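Enquirer: A predicted structure for the sequence below; I have some questions about it.
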Amino acid sequence: MLLTALSRGLRWLLRWLRHLLGSVGIWVIGLVLLFEEWGWEYLARALAWIGQLPGLRWIEGRIRTLPPYAALGLFVVPILTLLPLKLLALYWLGEGHTLLGISVIIAAKLGGTAITARLFMLTQPTLMRLAWFARWFGRWMIFKDKVLTRVKGSRAWQQWARFKARVKRLFRSLRP
C-alpha cells in the first residue's frame with residue numbers, strides 16, 4: 001500500500017517536473033527565437049544598406065552566384081572571424097574586465113546575427129536547391145512557428161504586449 005502511494009506520488013512529481021521544464025524550456029527557446037527574429041530583420045536590413053555602397057555592391061553579387069555548397073561553406077566565415085573576439089571577451093571577463101567582456105560578447109552576437117542574416121538572405125535561393133537543406137529548413141520553420149505561437153499566445157506575452165502598447169501611447173501623448 002505504501003509502495004503504491006509512493007509510486008503514484010513519484011509519477012506525479014515526475015510529470016510535474018517534466019511540465020515545468022517543458023514550459024521553461026519553451027520560454028528560453030522562444031526568447032532566443034524572438035531575439036533572432038527581431039535581430040535578423042533589422043540587422044540584415046542595416047547590412048543591406050551598407051552592402052549598397054559602391055565598393056561593396058559587387059561582393060553581394062558574387063555571393064548570389066555561388067554554387068550551393070560554396071554558399072553553405074560561406075556561413076563558416078562569421079563563425080571563424082568572431083571566435084577570436086569571443087575568446088578575447090572571455091579572457092577579459094576572467095581578468096575582471098566585466099563590462100568590456102560583456103560588451104564585446106554582445107557586439108559579437110549582434111554582428112554575427114547581422115552577417116549571418118544577410119548571408120542567408122543572399123544565399124537562400126541557392127541553398128534551397130539542396131534537397132536535404134530545403135527539407136530541414138521546412139522542418140525548422142514549422143518548429144519555430146509552433147514555439148513562437150505558443151509563446152505569443154501565453155498570458156505573460158499578452159500582458160507584455162498590453163504594457164508595451166500603454167507605454168507607446170504614453171510617449172505619443174507626451175510628444176508636442
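Expert: That came through, no problem. Residues are numbered from 1 along each chain as shown.
Enquirer: and residue 30, how far is that from residue 42?
Expert: Relative to residue 42, residue 30 is positioned 19 Å away (CB to CB, to the nearest Å). Any C-beta I mention is one placed from the backbone N, CA and C, and that applies to glycine too.
Enquirer: comparing those two, which shows the higher neighbour count?
Expert: residue 30 (19 against 14; other CB atoms under 10 Å).
Enquirer: chain neighbours aside, what residue packs nearest to that one?
Expert: Closest residue to residue 30 apart from its sequence neighbours, by CB to CB, 6 or more residues apart in numbering: residue 151 at 3.5 Å.
Enquirer: so which strand or helix has the one you found?
Expert: Assigned by DSSP states H and E, residue 151 falls within helix 131-152.
Enquirer: export that helix as CSV, just CAs?
Expert: Coordinates of each C-alpha in helix 131-152 appear next as CSV, following Å, rounded to 0.1, in the frame of the first residue of the first chain:
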residue,chain,number,x,y,z
ALA,A,131,17.1,18.8,-51.2
TRP,A,132,18.2,18.0,-47.7
PHE,A,133,18.6,21.7,-46.8
ALA,A,134,15.1,22.5,-48.1
ARG,A,135,13.6,19.6,-46.1
TRP,A,136,15.4,20.6,-42.9
PHE,A,137,14.7,24.3,-43.4
GLY,A,138,11.0,23.5,-43.8
ARG,A,139,11.0,21.4,-40.6
TRP,A,140,12.9,24.2,-38.7
MET,A,141,10.3,26.8,-39.8
ILE,A,142,7.4,24.6,-38.6
PHE,A,143,9.1,24.1,-35.2
LYS,A,144,9.9,27.8,-34.9
ASP,A,145,6.4,28.8,-35.8
LYS,A,146,4.9,26.4,-33.2
VAL,A,147,7.2,27.7,-30.4
LEU,A,148,6.6,31.4,-31.3
THR,A,149,2.8,30.8,-31.5
ARG,A,150,2.9,29.2,-28.1
VAL,A,151,5.0,32.0,-26.5
LYS,A,152,3.0,34.8,-28.1
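Enquirer: next SSE downstream of it?
Expert: helix 155-174.
Enquirer: and the angle from that following helix to helix 131-152?
Expert: Using axes from the mean of the first three to the mean of the last three CA atoms, to 10 degrees, one finds that helix 155-174 and helix 131-152 are set 70 degrees apart in direction.
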